[in-house]
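A.B. asks: Sequence isn't available, so here's the structure alone:
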Ligand SMILES: [Fe+2]
């Protein structure tokens, strides 16, 4: 049985630090600590936001700040699924919840060509950061061939509505996209009666 309260607590705390006007770097590092706490346990993500699709990886909106200053998304990777090389254009945090994910970062030359710089693996409980101008180009994949992997991402905007790009890693050719989300639904964070019943 899942309990939504860790996600609700995370969103409340993240909103508070956002409202305290921190410099962007501090917001991102304080936010990373909150995300680390959220992914330190795996009993809160409702099953409908943890469901893989056979066609492609899924991105479920868990919460969008009413002023669209940040969003929280569960990325669900079926076996073998991966993203194309892409950018974000806003800060991001990746917290590994379940399974194992590989992230290959790229740099872009002045002539527009890309070079892979390093591939790292994220294990449950670990958090990574993305910052425009520093490490905004990457390709992410499920590192497991036989099971679903899930990571929780936080971005400095309503990421599903941001116009950004995918790239051909060989030619550098750019294709604009707006990702949207894989579902029209978001979790209900606010039904306090369930916790009272469980207590
Ligand atoms: Fe990404």
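C.D. replies: Great, that's in hand. Quick caveat: nothing in here was measured; it's all calculated off a predicted structure. Numbering: from 1, shown residues only.
A.B. asks: those helices in this protein, which residues are they?
C.D. replies: Under the criterion DSSP state H, the chain contains helices at 5-19, 24-38, 192-198.
A.B. asks: In JSON lines: the ones you listed, plus distance to residue 90 and mean neighbour count.
C.D. replies: Using the backbone N, CA and C atoms, a C-beta is placed for each residue, glycine as well. Converted to JSON lines, these look like this (distance: least, CB to CB, whole Å; neighbours: other CB atoms under 10 Å):
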{"stretch": "helix 5-19", "distance to residue 90": "13", "mean neighbour count": "17"}
{"stretch": "helix 24-38", "distance to residue 90": "10", "mean neighbour count": "17"}
{"stretch": "helix 192-198", "distance to residue 90": "32", "mean neighbour count": "10"}
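A.B. asks: Save the ones you listed as CSV, and put in distance to residue 115 and mean pLDDT too.
C.D. replies: Converted to CSV, the helices of the chain look like this (distance: least, CB to CB, whole Å; pLDDT from 0 to 100):
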stretch, distance to residue 115, mean pLDDT
helix 5-19, 34, 96
helix 24-38, 25, 95
helix 192-198, 50, 71
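A.B. asks: closest to residue 158 out of those?
C.D. replies: With CB to CB as the criterion, residue 158 lies closest to helix 5-19 of the helices of the chain, at 13.6 Å.
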